[in-house]
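[1] Sharing a sequence plus its predicted fold:
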Amino acid sequence: MEIFTYMESYDYEQLVFCQDKNSGLKAIIAIHDTTLGPALGGTRMWTYDSEADAIEDALRLAKGMTYKNAAAGLNLGGGKTVIIGDPKKDKNPELFRAFGRYIQSLNGRYITAEDVGTTVQDMDLIHMETDFVTGISPEFGSSGNPSPVTAYGVYKGIKAAAMEAYGNDSLEGKTVAVQGVGNVAYTMCEYLHEEGAKLIVTDINKEAVQRAVDAFGAEAVGPDDIYAVDCDIYAPCALGATINDDTIPQLKAKVIAGSANNQLKSTEHGDIIHEKGIVYAPDYVINSGGVINVADELNGYNQHRAMKKVETIYDSLTRVFEISRRDNVPTYVAADRMAEERIKSVSTSRSQFLLNGHHTLSRR
Ligand SMILES: NC(=O)c1ccc[n+]([C@@H]2O[C@H](COP(=O)([O-])OP(=O)(O)OC[C@H]3O[C@@H](n4cnc5c(N)ncnc54)[C@H](O)[C@@H]3O)[C@@H](O)[C@H]2O)c1
Ligand SMILES: CC(C)C[C@H](N)C(=O)O
């Protein structure tokens, strides 16, 4: 990969390589865009096949956070870190502390949080070396694990999508097919069950399925059978790329709305479901509850305020559906337009020089 060519074509600001021999740290911090504020995005720990794969993942995920944060109405830019390593075997306290010192060296340009392979405990270790970390333990007055709040946002987003598809946002009597009942989806199922939705669930983890069957009277199906079930809403909450050539012809749902990142295998699949009249809630808009929650820590965490902000996911999606109808474009295009319009309006209005200008971190 020609790194500068790639960075130039998608307008990346900065790529930082962090190495610490003693702890085994090999991390890549990608900062995509800081027009709206410091770049906030989680740290992913993963075993990559090659360094090029890790760099590409960091860059791709960082850009996704720029759009997620902008669409969520946060005064934050987008960034992400990948740590190369096996989260089951390669973690040690020194590794996260060394990483925390690298974050500190960026002096607030990048703020981290949890992502795949990292936990609240890892954030607490990073916090020993830097203030620029969120999602740390509630003992520090912080927000802790973002998953339950992400779930609340996804639930609100499902209601907004139901409103668009059915003209009514009640989920009572609606059937929701849930793919993956992990951290986010289990709490999401609690909200759906409470409202009287019928649940069909699948997971590769049998215990996770049984937990949902016992708690919510959910019907269980095999992992490959979830796409074709009779349902009103398909909620992908496990992997990315499950909306693809194989699955679209099987889908009976009129709505696709779930927590997984990167749900469309490619943009072409977003076009196909749009043509079929399926209402798709763009992934980075509906699953932004976690980042909204951790971002609230920057103002001194207040759970009530964070949950109120998460509820605006309903309005953001309603706006996306309006843009989609107004411009006759698929919803994934409408979401990108909404985010890009916000970044553009701020970049054109920030023309005056200010020594020590006010920004999100000023209140810390
Ligand atoms: N946790 C958050 O706050 C958050 C925020 C934004 C986006 N997301 C995204 O939401 C999704 C779920 O996150 P999570 O934190 O609940 O993860 P998780 O690992 O707790 O849950 C995922 C579940 O999916 C299951 N699964 C994996 N492959 C499957 C398959 N082929 N078929 C069926 N089930 C399968 C796993 O067994 C697991 O139970 C991920 O895509 C994640 O990136 C999470
Ligand atoms: C900042 C984090 C809570 C971000 C989260 N991992 C996401 O993908 O939205």
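    Structure's in. What do you need? Ligands and ions are numbered 1, 2, ... in the order given.
[2] So which bits of the helix or strand encompassing residue 162 are buried?
    According to DSSP states H and E, residue 162 maps onto helix 147-166. Buried residues in helix 147-166, counted by 16 or more other CB atoms under 10 Å: 147-166. C-betas here are computed from N, CA, C, even on glycine.
[3] Contact distance from ligand 2 - what residues of the stretch 101-250 of the chain qualify?
    Proximity of the stretch 101-250 of the chain to ligand 2 (CB under 6 Å from any ligand atom) is limited to residues 113, 114, 115, 135, 146.
[4] Now for the second one: which residues touch it?
    Under the criterion of CB atoms under 8 Å, 6 or more residues apart in numbering, the contact list for residue 114 reads 42, 43, 120, 122, 123, 135, 145, 146, 290, 294.
[5] Please list which of the buried residues of helix 147-166 are also close to ligand 1.
    Among the buried residues of helix 147-166, proximity to ligand 1 is found for 147, 150 (CB under 6 Å from any ligand atom).
[6] Quick check: the residue in the stretch 251-364 of the chain positioned nearest to ligand 1 vs residue 190, distance?
    Residue nearest to ligand 1 within the stretch 251-364 of the chain: residue 290 (3.2 Å; CB to the nearest ligand atom). Distance, residue 290 to residue 190, by CB to CB, to the nearest Å: 17 Å.
[7] what's the neighbour count on the spatially closest residue to residue 202 that is not a sequence neighbour?
    Spatial nearest neighbour of residue 202, excluding adjacent residues (CB to CB, 6 or more residues apart in numbering): residue 226 at 4.4 Å. Neighbours of residue 226 under the rule other CB atoms under 10 Å: 25.
[8] Now for residue 226: which residues touch it?
    Counted by CB under 8 Å, 6+ apart, residue 226 has contacts 177, 178, 179, 200, 202, 234.
[9] Closest one to ligand 2 out of those residues, please.
    Distance to ligand 2 across the contacts of residue 226 (CB to the nearest ligand atom) is lowest for residue 179, with 17.3 Å.
[10] Give me the phi and psi for that closest one.
    phi -100, psi 110 (degrees, to the nearest 10).
[11] so who does it touch?
    202-203, 223, 226, 234-239, 242, 258, 260.
[12] Which strand residues bridge it?
    Using DSSP bridges, the beta-bridge partners of residue 179 come out as residue 202, residue 236.
[13] pLDDT value on it, please?
    On pLDDT, residue 179 comes in at 98.
[14] Okay, residue 287 and residue 49: tell me how far apart.
    In terms of CB to CB, residue 287 sits 26 Å off from residue 49.
[15] now residue 113
    26 Å.
[16] and what of residue 218?
    Taking CB to CB, one finds residue 218 at 36 Å from residue 49.
[17] about what we covered before: neighbour count winner among residue 287 and residue 49?
    Between residue 287 and residue 49, counted using other CB under 10 Å, the more crowded position is residue 287 (26 against 7).
[18] give me every residue that touches the nearest residue to residue 165 once chain neighbours are set aside.
    Distances taken as CB to CB, 6+ apart put residue 279 closest to residue 165, at 4.3 Å, once the chain neighbours are dropped. Going by CB under 8 Å, 6+ apart, residue 279 touches 161, 164, 165, 254, 255, 256, 257, 321, 331.
[19] so which of these comes closest to residue 248?
    Using CB to CB, residue 256 comes nearest to residue 248 of those, at 9.7 Å.
[20] pretty sure the closest one is touching residue 273, no?
    Yes - with contact defined as CB atoms under 8 Å, residue 256 counts as touching residue 273 (6.7 Å).
[21] Now for the two: what residues contact both?
    Residues touching both residue 256 and residue 273 (CB under 8 Å, 6+ apart) are 243, 280.
[22] Looking at those two, which one has more neighbours?
    For residue 256 versus residue 273, the count of surrounding residues by other CB under 10 Å is larger for residue 256: 28 against 19.
[23] Near residue 1, how many other residues are there?
    Considering only other CB under 10 Å, residue 1 is surrounded by 11 other residues.
[24] Number of residues surrounding the residue in the stretch 151-300 of the chain that ligand 1 sits nearest to?
    Nearest residue of the stretch 151-300 of the chain to ligand 1: residue 182, at 1.8 Å (CB to the nearest ligand atom). For residue 182, the count of nearby residues is 14 (other CB under 10 Å).
[25] can you check residue 36 too?
    Residues lying near residue 36 (other CB under 10 Å) number 24.
[26] From residue 24, how far off is it?
    34 Å.
[27] With residue 312 instead?
    For residue 312, the distance to residue 24 - CB to CB - is 41 Å.
[28] For the residue of the stretch 101-250 of the chain found nearest ligand 2, which residues are in contact?
    Residue nearest to ligand 2 within the stretch 101-250 of the chain: residue 113 (3.5 Å; CB to the nearest ligand atom). Neighbouring residues of residue 113 by CB under 8 Å, 6+ apart: 40, 41, 42, 43, 123, 133, 134, 135, 146, 290, 291, 294.
[29] wait, what's in contact with the second one?
    It stands for residue 41. Neighbour list for residue 41: 61-62, 65, 69, 78-81, 110, 112-113, 115, 291 [criterion: CB under 8 Å, 6+ apart].
[30] Is it correct that residue 327 is in contact with residue 335?
    No - judged on CB under 8 Å, residue 327 makes no contact with residue 335 at a distance of 11.8 Å.
[31] what about those two, which has more around it?
    The residue with more neighbours, out of residue 327 and residue 335, is residue 335; 30 against 11, by other CB under 10 Å.
[32] Wondering if the strand or helix carrying the more buried one reaches ligand 2 at all.
    Using DSSP H and E, residue 335 maps to helix 331-349. No - using CB under 6 Å from any ligand atom, helix 331-349 never reaches ligand 2; the gap is at least 14.0 Å.
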